[in-house]
Each structure stands twice: as structure tokens, then as C-alpha cells.
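*Asks:* Just to be clear, the model below is a prediction. Sequence and coordinates:
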Amino acid sequence: LGAAGGIGQPLALLVKMSPLISALHIYDIANVKGVAADLSHCNTPAQVLGFTGSSELPNSLKGVDVVVIPAGVPRKPGMTRDDLFSINANIVKTLVEAVADNCPDAFIHIISNPVNSTLPIAAEVLKQKGVYDPKKLFGVTTLDVVRANTFVAQKKNLKLIDVDVPVVGGHAGKTILPLLSKTRPPVSFNDEEVQELTVRIQNAGTEVVEAKEGAGSATLSMAYAAARFVESSLRALDGDADVYECSFVQSDLTELPFFASRVKLGRKGVEAIISSDLQGLTEYEQKALEALKPELKASIEKGIAFAQKQPVTT
Ligand SMILES: NC(=O)c1ccc[n+]([C@@H]2O[C@H](COP(=O)([O-])OP(=O)(O)OC[C@H]3O[C@@H](n4cnc5c(N)ncnc54)[C@H](O)[C@@H]3O)[C@@H](O)[C@H]2O)c1
Ligand SMILES: O=C(O)C[C@H](O)C(=O)O
């Protein structure tokens, strides 16, 4: 949903390449029929259908297993992700209402920012509709992991394919907390490297926004990350027993109701939240974890309050 956009188009292309996908429905408020026609000429199995405008939204959702939502406005230089709240909160609310009505059993991937608030909005909408399954609602934080893996591999001269850094917390500024001490394979970092890498990973979105000089935020790397999360979800739905991803989900790992961490995915969504990542943290990570909580809590509460003030349409 939001398939004509900067993320939506390359994501649709990457997803069209997946052998796990039988049908790809792409929806946007803007005309998406041309994107659908274009994609449909690729000789890969997924059948592509385009749906344009809100009257076609319900049909776009019928029968789907995974819904991905990158609909909404992106940042410009000088803005925070929270500055997008006033527009994107309504967009996410409307789209999740339609998901609740048309494919309540689907996995839902929320990309639209601010994820720290839009995910709680989605949860609240689904609750009001009576179809909330916390195991199937995901805030997409895969790009933070992708970035952490890339930057760590570059810094330490490692083979990219091997590196895996869990990133916990949320998806904005200091709420993005890479757990460098939990990098696999184990790598040692000095204090300066930890500080430099942590700050770079936290500011990576802003790095792209500034480089694009007003033309939007990360789209290609986000499409790559979202395609990875879709692929992992489909593998889990197909019964693969070894699927782990970081995601911002309902969680009891901390006192906050939602928290990003590694989760094990299965046929029914989140099968387990990996609590061991938060054990044995370094002093730096422990302090950063405590420091991110007030901001994350405020963003979560802002999302919940918004959704509670504007009950769903029935
Ligand atoms: N979670 C992450 O890591 C992450 C990373 C990058 C960007 N984002 C966020 O993703 C969102 C999209 O970014 P983009 O660069 O693709 O923006 P974009 O402006 O290029 O595309 C957004 C698309 O959403 C569509 N849209 C708007 N309202 C809609 C509605 N009600 N229904 C359906 N479609 C609608 C627009 O027509 C447009 O095609 C932004 O909020 C951005 O901040 C999140
Ligand atoms: O930085 C942004 O606004 C987009 C996205 O959240 C990102 O991390 O790239």
C-alpha cells in the first residue's frame, strides 16, 4: 500500500522477483496501473495486479497473506520523523482499517514514519476492530539492521554476508540502539568505534535525507530491507523453522508495550521474542537503553492517544 512511491516501486520490483510469491497486489492513492503493467512484463511467476484509489483498496486486500505499508510522506532536511505524524497517522489509520475489514489474518508490515507511533496506531485500530493479533503486526526496522551490518563490515573489514548486528529499541534517532557487543560473528570494538558506529547507525536516515536535499528519504535501501522482511515472513508462513528478524512489535522485554528486538517468526507470526540479546549488555549499551525509553514511551503514547481520540469507522 503506497506502491507508486519511492519505496513502493523498487519494493514491488524486488518482490516480483521472489519465487515465494504467487500474486502481487499493488495499491496507491495515485495511479499505479502503469507500474503494474510495467512490472507484469517481467518473466517471473508472481501475477501482478494494480489497484488505484480508495474505491479499489478493499479488493486489493482480499486474500492476501502479507500487507506492506510504505504509504505516506517522507522527511525533508531539518525535519524529524515525528514531524510526519500529522499526515501519516491518518494515512496509516485508514489503511489499517481496510486491512482489518478485508484480510484480518494477514501479517502487517508498517514502514510509514514515525514507526514508533504508527505501529501503536495500527495496534489500536486493530483492537477497536476486534481483530488485533499482536503476533502479526510488525514495525519494519530491518533497514537499521541492514545499515548496522554494512557499517560494521566496512569498519572491521569483514565479509558482509557474515555480519549480523541486532538493533533494538525503536526507529528514530537515539531510540535506534545497535547492540554491537552482540554482533555475530563476535567482533571486538574499542570505545571510540562503538561511539562512532552507534551514532552513524542512528543518524543514517538523516544522512540520506540530507544527501537527497529535499527529494525525500531512503527508498532503495529501504526497499531492499523491506523485501528481506517480506521474504522472511513468507519463509515463516511456509513453515521454515529458522527465521529470525529484528522488528518493532508488542513486547514484554521491557516495561514499554512495544519494543524492537530480534524475534523468531513462524506460521502464526512472532513465535518468540529473543530476550537473551538484552542480557549481558555493556555499560554503554545499558545506559543507551535506559536513555531511549522516555522518548520511545512518549512516541508510543502519542500514537495510542491519537487512535483512541478518533475511533475507527465501521
Ligand atoms: N521504516 C523505515 O525504516 C523507513 C525507511 C524509509 C522511509 N520510511 C517512510 O516510508 C514512507 C514512504 O516513503 P517514500 O519515500 O516511499 O515516500 P513517497 O512520497 O515517495 O511515496 C509514498 C507513496 O504513498 C502514497 N500514498 C499517500 N497517501 C496514501 C494513501 N492514503 N493510500 C495509499 N497510498 C498513499 C503516495 O501516493 C506515494 O506514492 C515515509 O513515511 C517514510 O518516512 C520508513
Ligand atoms: O530517515 C527517514 O526519515 C526515513 C527512514 O526512517 C530511514 O531511516 O531512512
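*Replies:* Ah, there it is. Everything numeric here is computed off the predicted structure, so don't read it as measured data. Ligands and ions are numbered 1, 2, ... in the order given.
*Asks:* Quick check: Lys33 touching Thr52?
*Replies:* Yes - with contact defined as C-beta atoms under 8 Å, Lys33 reaches Thr52; the gap is 5.9 Å. C-beta coordinates here come from the backbone N, C-alpha and C atoms, glycine included.
*Asks:* So for those two, which sits in the more crowded spot?
*Replies:* A count of neighbours by other C-beta atoms under 10 Å puts Thr52 above the other of Lys33 and Thr52, at 21 against 15.
*Asks:* Can you read off the pLDDT for that one?
*Replies:* Looking at Thr52, its pLDDT stands at 98.
*Asks:* For it, name its beta-bridge partners.
*Replies:* Asp28 (DSSP bridges).
*Asks:* got the residues of this structure near ligand 2?
*Replies:* 74-75, 81, 113, 143, 205-206, 208-209, 217-218 (C-beta under 6 Å from any ligand atom).
*Asks:* Could you report the neighbour count for Gln77?
*Replies:* Careful, residue 77 is Pro; it's not Gln. 12.
*Asks:* my guess is it meets Val208, correct?
*Replies:* No - applying C-beta under 8 Å, one finds Pro77 not in contact with Val208, separated by 10.4 Å.
*Asks:* in stretch 19-29, what's buried?
*Replies:* Neighbour-count burial for stretch 19-29 flags 21, 24-29 (criterion: 16 or more other C-beta atoms under 10 Å).
*Asks:* For whichever residue of the chain sits closest to ligand 1, give me phi and psi.
*Replies:* Residue of the chain nearest ligand 1, by C-beta to the nearest ligand atom: Gly5 (2.0 Å). The phi/psi pair for Gly5 (degrees, to the nearest 10) reads phi -90, psi -170.
*Asks:* residues touching it, list them.
*Replies:* Going by C-beta atoms under 8 Å, 6 or more residues apart in numbering, Gly5 touches 28, 70-71, 219.
*Asks:* Is it possible to get a markdown table of the residues you listed that adds pLDDT and secondary structure?
*Replies:* Formatted as a markdown table, those follow (pLDDT from 0 to 100; DSSP: H, G, I helix; E, B strand; the rest coil):
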| residue | pLDDT | secondary structure |
| --- | --- | --- |
| Asp28 | 98 | strand |
| Pro70 | 98 | coil |
| Ala71 | 98 | coil |
| Thr219 | 98 | coil |
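*Asks:* Nearest to ligand 2 among the residues you listed?
*Replies:* The nearest one, if we look at the contacts of Gly5 relative to ligand 2 and count by C-beta to the nearest ligand atom, is Thr219, at 8.8 Å.
*Asks:* which SS class is the nearest residue to the closest one once chain neighbours are set aside?
*Replies:* Spatial nearest neighbour of Thr219, excluding adjacent residues (C-beta to C-beta, 6 or more residues apart in numbering): Gly6 at 3.5 Å. State at Gly6, reduced to three classes by DSSP: H, G, I helix; E, B strand; the rest coil: coil.
*Asks:* so Gly6 sits right up against Gly72, yeah?
*Replies:* No - in this structure Gly6 lies outside contact range of Gly72 using C-beta under 8 Å: 10.9 Å.
*Asks:* which parts of the stretch 151-300 of the chain sit against ligand 1?
*Replies:* So far as C-beta under 6 Å from any ligand atom goes, the stretch 151-300 of the chain lies against ligand 1 at 171, 216-219, 222.
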